[in-house]
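Undergrad: Got a predicted structure plus its sequence, pasted below:
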Amino acid sequence: MNKLLTCAAALALCAGAASAEIKVGMITTLSGGGASLGIDARDGFMLALEQSGRDDIEVIIEDDQQKPDIAVQLSDKMIQSERVDVMTGIIWSNLAMAVVPGAVNQGVFYLSVNAGPSQLAGPGCHENYFNVAWQNDNLHEAAGAWANQTGYSNSFMLAPNYPAGHDALTGYKRLYEGESAGEIFTELGQTDYAAEIAQIRASGADSVYFFLPGGMGISFLKQYADSGVDIPVIGPAFSFDQAILQAVGDAALGVVNTSQWSKDIDNPTNAAFVESFEEKYGRLPSLYASQGFDTANLLISALETAEPSDADAFRAALKAADFDSTRGEFSFGANHHPVQTIYAREVVKEGDIYTNKIIGTAIENHADAYVGECSM
Amino acid sequence: MSAILIIEQILNGLQFGVMLFLMAAGLTLIFGVMGLINLAHGSFYMVGAFAAAAVAGVTGSFLLALIAALIVAALAGAMVEMVVIRRLYASDHLDQVLATFALILIFSEGTRWIFGSFPLYLNTPATLSGPVTLPGGIQYPLYRLALIAVGLAVWGGLWWLIERTRIGIQIRAGENDREMIAALGIDISRLYTLIFALGAALAGLAGALVGTIQSVQVGMGEPVLILAFVCIVIGGIGSIKGAFIGAILVGLTSTLGGIFLPELFKVFTDPATAQAAGASLASMSIYILMSLVLIWRPTGLFGARA
Amino acid sequence: MIAERWLNLAVLAGLLGVAVWARIADQPFTITLTTRAVILALAAVGLNIALGLGGLVSLGHAVFFGLGGYAMGILAFHVQTYTPLEIGPISIAGSTSMPVIWLTAIALSSLAALGIGLLSLRTSGAYFIMITLAFGQMFYYFAISWNRYGGEDGLSIYVRNGFPGLNTLIPFQFFGICFALLCLVLLIGDRLARSPFGLALNAARQVPVRVETVGLSPFRLKLVAFVISGAVTGLAGALFADLNRFVSPTMFSWQLSGELIVLVILGGVGRLIGPVVGAVLFVALEHLLGGLTDHWHVFLGLILLVIVLFARGGIVGLLSRRRLGDG
């Protein structure tokens, strides 16, 4: 690292060697409670890079510990000291809101592997910001659409009391046409849902929609299965990734969740991705891994035609999204967020492993609700 | 809101409370006897849960898993006491806070090093899973009833230990006058190790029991630790009875507050605002309870001294 | 052994030296890192007034740090979004001027410290630790669900606030502002400790009865110390928010209160320069160990453990032989 810094300081001396290098700064969560998401995104990203065989892309990886102030600090370091061309990696929306606006305003390109807060899709959209995963509401909207298709007309809704939780219920209700049997905002980080489950039991609902990412979802699903309440449950894929399913076990079987990716999406890119990921890391990929993989491939495809130093050409190359996505068709809307098909999956057991299987399409070629507010 | 729902919620609050008591009992004993503020108590909770998940994964037996949780947490506690804590009895609270804070870092990151960042699987045994029907037609999970029973049994056991056994006499003597029991020829360092291990074992048991219906992951101990502190402060530090009453109060306030406050707010404002505002106030309710108790009685409900 | 006064000067000169070197070597990130250490030091110096002088172990100082941060966030947010801030009948445009923000931060955190102090100082020992923690948690949960100002997402301020005559966007100039404030507060803290108030406070911590017999109220002495302490930590919060151009409820979290205590003990409780040394060391460890391994928390924990077991009185206590309480 010291050598690189020296290079940057004495730019003239090693310009010849340095100009071919593309520097990518990855800030992601590698320690603390949310580490499994960041690790998957990183591993997916690095796998794609390795498969491309390009050795002129240098990735600097740093751990944000899921703390916004650390993320801002790391972003300052990457932009000021490492002078990166492209940044990526942030998992959480609150960290993205802390880092992304500052980074893109300093001329860096930012490719989001996960977080897609509504501000960055709407009024705060930026020409250098591309989201390869989703706008945060997408999976919730798809769940609402799926509830309509299934014929649910009286949903009970549950989410933590913080902005993403409020967005989740808003997103679900945007397309959902039925009645509300009740809405609860739980405490962020809550681990016991006995009280909420009792309310669900008493509510007379015909379906339950819940958004409880990470450990909260594990607790909820286990306790729900144990309570004997048999109202069907729908959720976004966040509570059903590979790591979480193994911890929930049988309690998750049969639960329907919405996702833009699944390991059984039938296309050659995806099949090769699942196989090589499993071979390299010894576990099944999660959707975060697929997002990391797609992000790296988008970057590589853009680098085929342009250099980040030529910002306009590079931006156009990114916008074209000319790469083979694990999701099949992939394109960007006007606000640089994906227009994509979202599937309904069911949790099944294959051998000893719990995983997801596609059971239908929740919504096709879906763009987000904020694209109209973006002035790009 | 029906009577059945209210009774069910009271049961939930009770169950939450007795599990908090398992954590709070160890904390309050350790503080009462040794005068030590142990921030690392939540780590034993996590250690217990991980030990249980590991053993259940290998053997498939829930009973063995619980035994493993007790033993591993007790051993971890005894080791920590002998290596680190023993040197801190003479220092002030500040050094204890720093040292046990350091222990949290070591335990959490060490556990992640061994088990990885992904949550582990631990589930209720078949014999205890599913709901039972209580008198009055209330459907309630059997496992949660078992938790209430275990919590009450531990409370009874601790009462017996402290009021009726030789060790109990030593513990009570230690709370009142530390020099005195040393003068009586009791091996005080062995007593301290024992109490610390006992406290750690109870925390480990709580971790395993609760981890079964929640998620077994690194960092699971700290939120519970804060709540357990709230319990013992409300009850009065050093008092087992206080810890029990504090734990039940916190369990009920937290559970019932989350249900009734939003309902109450709906009387004054529209449902969406009421839901959000009620949920916020519910999160704060136990801390408000604690401050009110301390403003009213600066050493808690049953606390003798500061 | 070194006289403590020279040690104090050496630490401050060292901090300034690192920043000047980084300025010359064109390493803006090192300046940012140094600025972070200076701001955390300021917060810890504030805590040390309550903790070292007054013997008040507050596990709720994040309240003041967070209030300072939100003072900056809210004032700048209203300017950024062109929406006036309405408090009852009064409507103000917000502000992006650092002095205005600082005064607001100081006023808000003093007020909060006064309220919290009035209620909490009735308790002592472990109860005081816990009641301050409880207030911290109340503010934390309130901030998380306060959607008007971002809730858990927090508030991003895109441009750092201004200071008359300086360009705060240049890392070195912003460092200069923070460093000057730290020196000023250290100077005031030194005067305070030697003043009749400081001596009375010191006595109230050690032998409360003796203070009462000469007609002073230990409660009032401690309350004043707590308010001053809160105000300084609040000022640090405003600077911290400006450093990151971002505020969020994590500034109110109990972990942050815990970290501030760690900074103070690490450096040396009740020593003037102790919190500064603690903050510098903590930021350096965080940065250096973090670069070595993902599991750096284990090593940080071990280092802290060694310090608390073998270096009573913190780093400054180790370097300086002067015992506390000798005057």
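TA: Arrived safely, thanks for sending.

Undergrad: does the longest helix belonging to chain B come close to chain C?
TA: When chain B is parsed with DSSP state H, its longest helix is helix B:3-34. Yes. Helix B:3-34 comes into contact with chain C (Cβ under 8 Å from any Cβ of the partner chain), by way of residue B:31. From N, CA and C alone the C-beta is placed, and that goes for glycine too.

Undergrad: What helices and strands are in contact with that helix?
TA: If you count contacts as 3 or more Cβ pairs under 8 Å, 6 or more residues apart in numbering or on different chains; DSSP states H and E, helix B:3-34 packs onto helix A:194-203, helix B:41-59, strand B:138-141, helix B:142-164, helix B:166-176, helix B:188-211, helix B:221-235, helix B:240-266.

Undergrad: can you list those in a markdown table and add mean neighbour count and distance to chain C?
TA: As requested, those are exported to a markdown table (neighbours: other Cβ atoms under 10 Å in any protein chain shown; distance: least, Cβ to the nearest Cβ, whole Å):
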| stretch | mean neighbour count | distance to chain C |
| --- | --- | --- |
| helix A:194-203 | 22 | 17 |
| helix B:41-59 | 25 | 11 |
| strand B:138-141 | 20 | 28 |
| helix B:142-164 | 16 | 21 |
| helix B:166-176 | 16 | 14 |
| helix B:188-211 | 25 | 16 |
| helix B:221-235 | 25 | 4 |
| helix B:240-266 | 22 | 11 |
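
Undergrad: Could you dump the ones you listed into a markdown table and include distance to residue A:327 and mean pLDDT?
TA: Output for those, formatted as a markdown table (distance: least, Cβ to Cβ, whole Å; pLDDT from 0 to 100):
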| stretch | distance to residue A:327 | mean pLDDT |
| --- | --- | --- |
| helix A:194-203 | 33 | 91 |
| helix B:41-59 | 34 | 95 |
| strand B:138-141 | 39 | 87 |
| helix B:142-164 | 40 | 93 |
| helix B:166-176 | 63 | 81 |
| helix B:188-211 | 35 | 93 |
| helix B:221-235 | 36 | 91 |
| helix B:240-266 | 39 | 90 |
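
Undergrad: isn't residue B:13 right up against residue B:254?
TA: Yes. Under the criterion of Cβ atoms under 8 Å, residue B:13 makes contact with residue B:254 at 7.2 Å.

Undergrad: Tabulate the helices and strands packed on helix B:3-34 (TSV), appending distance to residue A:263.
TA: Output for these, formatted as TSV (distance: least, Cβ to Cβ, whole Å):
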stretch	distance to residue A:263
helix A:194-203	30
helix B:41-59	24
strand B:138-141	33
helix B:142-164	33
helix B:166-176	56
helix B:188-211	28
helix B:221-235	33
helix B:240-266	37
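
Undergrad: The stretch 101-250 of chain A: strands as residue ranges?
TA: A:109-112, A:129-131, A:154-160, A:179-186, A:207-210, A:233-236 (DSSP state E, counting those that start in this stretch).

Undergrad: what's the closest of those strands to residue C:77?
TA: strand A:129-131 (20.9 Å; Cβ to Cβ).

Undergrad: what's the spacing between that closest one and its chain's center?
TA: 12 Å (Cα atoms, centre = their mean, to the nearest Å).

Undergrad: counting contacts, what elements does that strand pack onto?
TA: strand A:109-112, helix A:118-121.

Undergrad: Ok, which of the ones you listed comes nearest chain B?
TA: helix A:118-121 (17.5 Å; Cβ to the nearest Cβ).

Undergrad: is any part of that closest one close to chain C?
TA: No. Shown here: helix A:118-121 not in contact with chain C (Cβ under 8 Å from any Cβ), separated by at least 8.6 Å.

Undergrad: per-residue confidence at the residue nearest to residue C:217 when sequence neighbours are not counted?
TA: Among residues not flanking residue C:217 along the chain, residue C:211 sits closest, at 8.0 Å (Cβ to Cβ, 6 or more residues apart in numbering or on different chains). pLDDT for residue C:211: 82.

Undergrad: rewinding a little: single out the most deeply packed of the helices and strands packed on strand A:129-131.
TA: strand A:109-112 (a mean of 25; mean count of other Cβ atoms under 10 Å in any protein chain shown).

Undergrad: Alongside chain B, which residues does the stretch 101-250 of chain A contribute?
TA: Checking the stretch 101-250 of chain A against chain B by Cβ under 8 Å from any Cβ, the hits are A:161, A:166, A:183-187, A:189, A:191-192, A:194-196, A:198-199, A:201-202, A:214-215, A:218-219, A:222-223, A:226-228, A:243-244, A:246-250.
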